[in-house]
Each structure stands twice: as structure tokens, then as C-alpha cells.
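**Q** Got a predicted model here, sequence first, then my questions.
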Amino acid sequence: MTAPPPPWRRTPSPRRRAAKQMLSQELIVKTALEILAAEGIDAVSMRRVAQQLETGPASLYAYVANKEELDELLLDAALSEVPCPEPDPQRWTEQVKEQVRHQIRAMMAYPGIAKVAWQTPIPVTPNSLRQGEIMLQLLRAGGLDLKQAVFAGDALSTYAKAFAYEASGWTFGDYDPEKMSERGQQMAEYMQSLPASAFPNLLRAGEFFTEETSQPRLEFALEAFVAGLAAMVRK
């Protein structure tokens, strides 16, 4: 007969705390992402992450230099979900558009990540570099030389970040609906006061800037841009 464990080992004391996880950059980023998803980018700080991990802020600096690096690592974590397809010269235009869509979705997956992307002109984290390289590979597969591919990749990246930044503001409630509605009404009244003969097209443009036209505007921009690149290659 096996002897039962001694009483002091049968049931852990309710006061006994579970062993802490080993501190690492990965754990810090994972914890910061949880705070980000629940409370938004403004809630993420070295102190807040340290509190969540039940440690002091100073212990985090051995793994993350500062808040700016933490923000870049959060962006990198979001970009880790973006696929890296094998370039196909037969469908490179579709691949480029798909890649931009994936990148936009990744930047909009968490509140504030698009803002971080916009404020980080040249991110050099692993997944950021990987996305930059795969975009260049896709563009080169279409026949662009390196200079053309670099310029095109930069323009596409800038547009993707700008679109994600604006769209995520609406998605995550960065804009006050009441204030925006009031501002919209004021703008409409102002535009209606302008002479139609001087602004015959601009005065009708408002109907194309709505929540419903957000995705069509993105698709138009991608189609126009990629079609231009394809025409450049055919010359």
C-alpha cells in the first residue's frame, strides 16, 4: 500500500502563490498585447506591464530598452500573422494587392498598432523586415528593377499605414461620434454655401466618402497603383 502524501503536501495553501513565469522578451510582449487588446495602446506602459507580471519596471529593461521599443515589438507581433507567399510571376499583381490587404488587417487587429506603424518610419524588427523583403520579391517577380520595386514598396507601405491608421480610429472609437457628427454637419452646411459653378465636382464628392465606400476606395487605390506598375513593366 502506497503511503498518502503528508498533510502539508496534499493541498497547496491558498496563500501560496503560483510560481512566476520566467521573464523574457516574449512574455513581456505577450503581456503587453493582452493589455493592448483589453485597454488600448494608451494603457500600455513599462510600469503597467511590470504590474501585470508582478515585478518591478526595472526588471523589464533587461529585455526591452524602452516604451518605443516595446511599441515596435507589438507591431512586430501583429505582423507575425501576415503570410509570406512564394512569388508567382503569373499573378504578381494579385499577390501585391493581397499582401497589402493582409498588412492592413494586421495593423488593425489591435487598437493603436496602426498608429505605432505610422509613427515608426523605418521599423527594423524581424517581421517588419520580412514583410519588406517579401513585398520587394513580389514586385521584382513582376519585372520591376530594384529601384522601381523599392519606390513602389515604399509607396504601398505608406498608403497601407495611412489607411489602417484612419480606419482603426473609427473601428476602435478614437473619434467621438457626437463630435464627428457635428463636424460633418458643419462641413456639409459650409460646402452647400459654396457656389456650385465654382466647385461643380467637389460639391458632389461627399457622397463617396462614407463608411460604406471605405473598402471600395481601398480596392480602387490598389487596382490603380498596381495597374500603373504593370503598365510600366510592359513599356
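**A** Looks like it came in fine.
**Q** ok, and the closest non-adjacent residue to residue 61?
**A** residue 46 (7.5 Å; C-beta to C-beta, 6 or more residues apart in numbering). All C-beta spots, glycine's among them, are computed from the backbone N, C-alpha and C.
**Q** Could you pull up the residues touching that neighbour?
**A** By C-beta atoms under 8 Å, 6 or more residues apart in numbering, residue 46 lies in contact with 57, 60, 61, 64, 66, 67, 70.
**Q** Go again with 10 Å.
**A** Shown in contact with residue 46 (C-beta atoms under 10 Å, 6 or more residues apart in numbering): 28, 32, 56-61, 64-67, 69-70.
**Q** Just the ones of these in helices?
**A** In helices, defined here by DSSP state H, the members of the contacts of residue 46 are 28, 32, 57, 58, 59, 60, 67, 69, 70.
**Q** Let me know the secondary structure of residue 123.
**A** Each residue gets one of three states, and residue 123 gets coil by DSSP: H, G, I helix; E, B strand; the rest coil.
**Q** ok, and the helix or strand in the protein with the lowest average confidence?
**A** Per-element confidence for the chain was summarised using mean pLDDT, DSSP states H and E. The lowest value among helices and strands belongs to helix 7-10, with a mean of 51.
**Q** what are the ranges of the helices in the chain?
**A** Using DSSP H, the helices of the chain run over 7-10, 25-39, 46-52, 57-60, 67-79, 92-107, 113-118, 126-141, 146-171, 177-193, 214-234.
**Q** Serialize these to CSV and add fields for distance to residue 199.
**A** As requested, the helices of the chain are arranged in CSV below (distance: least, C-beta to C-beta, whole Å):
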stretch, distance to residue 199
helix 7-10, 82
helix 25-39, 43
helix 46-52, 49
helix 57-60, 55
helix 67-79, 40
helix 92-107, 32
helix 113-118, 31
helix 126-141, 38
helix 146-171, 24
helix 177-193, 8
helix 214-234, 21
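**Q** No further queries at this time; thank you.
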